[in-house]
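Trainee: got a structure for you, letters missing:
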């Protein structure tokens with residue numbers, strides 16, 4: 001009897017991150033008898049902060065976040081997928097991507113992961129309490145003065161808000177070595193963020209997007225989250241006690257919903273795997289339009305493939321969440337991806353939080369952000 005091939009995968013613990021890859025593993029095993037993929041999971045906070053090289057030492061397959069890619073290249077811990085993937089398949093996936101999702105995993109001329117989940121900061125509302133979304137930031141402030149706004153401020157999401165508003169004002173933050181942001185833009189963004197922070201419940205400082213969306217679903221007063229990463233399963237009827245609708249982000253600038261800080265996830269393969277070709281085959285299959293618009297979305301997945309995003313039946317299951325946030329996703333801003341970025345993201349988040357909660361001056365915060373950003377680049 002042939003020996004069973006067992007691959008180990010690591011993803012994140014939310015149903016959106018875990019359920020679809022488990023379902024996909026079962027189907028892949030049916031299509032490839034003798035192959036099994038066992039998935040472990042970690043928290044959202046762990047997903048955002050755990051170094052990829054630690055995961056690559058223990059797992060064949062990993063769901064990763066694109067800002068880790070610079071460290072991946074420097075450490076050599078992931079398998080370039082273009083080594084074993086068919087070139088035409090990669091070209092098709094690149095053509096089928098939502099916004100910069102495919103490009104976010106390409107660095108130093110190689111493809112280090114494939115997008116399986118597209119997300120960026122968008123707007124969430126309770127349609128039973130607020131039938132139409134806010135189009136402008138002043139509408140958000142009006143709702144906040146009514147005590148109706150929630151806003152996830154737990155690091156790193158507070159920094160993502162800083163990035164998003166800077167880019168929406170038409171002056172995005174730097175992605176190469178140098179000052180992080182123009183001083184005038186930085187002061188305008190911190191002023192806008194502090195004005196909102198002073199009107200929301202201080203409990204928001206401990207909230208990530210999942211916590212904020214759970215609170216919004218249960219609230220009898222809160223009706224809007226102006227900036228939160230898309231979690232399309234919350235738009236399903238019955239997923240929580242009240243359905244949440246997602247829309248394009250409200251603009252503070254004059255160009256519409258542009259510049260949101262890109263998130264999402266990709267499927268990557270460890271450089272240490274004993275099954276590089278088989279793992280690559282699974283990754284390409286998982287990112288394909290057929291899987292993404294089928295079993296992936298049927299099992300709480302949020303696809304990264306544009307053919308799924310444009311599918312009427314996929315949209316109908318989540319209250320049109322993909323169509324109603326598509327422009328924000330297509331116009332999203334790609335974060336820095338150099339090796340030292342993840343450490344800066346943690347430090348920078350606390351600097352911004354201190355600035356908008358009055359613990360440090362805006363000028364001092366911008367000085368600190370510039371200094372720490374420059375120091376994050378290798379010599």
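Mentor: That came through fine. Predicted, not measured: the structure shown is a model, and the values here were computed from it. Numbers count the residues shown, from 1 in each chain.
Trainee: quick one: residue 259 and residue 122, what's the gap?
Mentor: Plainly put, residue 259 is 12 Å away from residue 122 if you go by CB to CB, to the nearest Å. All C-beta spots, glycine's among them, are computed from the backbone N, C-alpha and C.
Trainee: Give the burial count for the closest residue to residue 309 other than its chain neighbours, as a bare number.
Mentor: Of all residues not flanking residue 309 in the chain, residue 322 sits nearest, at 4.3 Å (CB to CB, 6 or more residues apart in numbering). Using other CB atoms under 10 Å, residue 322 has 26 neighbouring residues.
Trainee: can you check the one 10 residues further on too?
Mentor: Residues near residue 332, counting by other CB under 10 Å, number 29.
Trainee: right, and it touches residue 99 too?
Mentor: Yes: here residue 332 reaches residue 99: they are 5.1 Å apart, a contact under CB atoms under 8 Å.
Trainee: Helices along the stretch 51-200 of the chain, start to end?
Mentor: Across the stretch 51-200 of the chain, reading from the start of the chain, the helices by DSSP state H, counting those that start in this stretch fall at 52-56, 69-75, 87-95, 137-145, 157-168, 183-197.
Trainee: ditto for the stretch 251-379 of the chain
Mentor: If DSSP H, counting those that start in this stretch is used as the criterion, the helices of the stretch 251-379 of the chain fall at 276-287, 289-291, 297-298, 306-309, 312-316, 321-330, 341-356, 362-375.
Trainee: The shortest one - contacts with which helices or strands?
Mentor: In this structure, helix 297-298 makes packing contacts with no helix or strand, judged by 3 or more CB pairs under 8 Å, 6 or more residues apart in numbering; DSSP states H and E.
Trainee: can you give me the mean pLDDT across that helix?
Mentor: If you average the pLDDT over helix 297-298, you get 96.
Trainee: Need the contact partners of that helix.
Mentor: 20, 23, 303, 308, 314, 317 (CB atoms under 8 Å, 6 or more residues apart in numbering).
Trainee: Nearest to residue 369 among those residues?
Mentor: Proximity of the contacts of helix 297-298 to residue 369 was ranked by CB to CB; the top entry is residue 303 with 34.0 Å.
Trainee: how far away is the closest one from residue 192?
Mentor: According to CB to CB, residue 303 and residue 192 sit 32 Å apart.
Trainee: ok, the two, which is more surrounded?
Mentor: Between residue 303 and residue 192, counted using other CB under 10 Å, the more crowded position is residue 303 (28 against 19).
Trainee: The more buried one: what's it in contact with?
Mentor: 116, 117, 118, 292, 293, 296, 297, 309, 314, 322.
Trainee: Test my guess that the fourth one contacts residue 311.
Mentor: Read it as residue 292. No: under the criterion of CB under 8 Å, residue 292 lies out of contact with residue 311, with a separation of 9.1 Å.
Trainee: quick one: which of the two has more around it?
Mentor: residue 292 (30 against 20).
Trainee: and the gap between the more buried one and residue 358?
Mentor: Remark: distance between residue 292 and residue 358 (CB to CB) = 44 Å.
Trainee: before we move on, what about residue 241?
Mentor: Between residue 241 and residue 358 the distance is 35 Å, computed by CB to CB.
Trainee: Repeat that for residue 337.
Mentor: Between residue 337 and residue 358 the distance, using CB to CB, works out to 32 Å.
Trainee: what about these two, which has more around it?
Mentor: residue 337 (21 against 10).
Trainee: OK, contacts around the closest residue to residue 64 other than its chain neighbours?
Mentor: The shortest distance from residue 64 to any residue that is not its chain neighbour, by CB to CB, 6+ apart, is 5.0 Å, and that residue is residue 268. Contacts of residue 268 were listed using CB under 8 Å, 6+ apart, and they are 52, 61-64, 72, 78-79, 81, 105, 112-113, 283.
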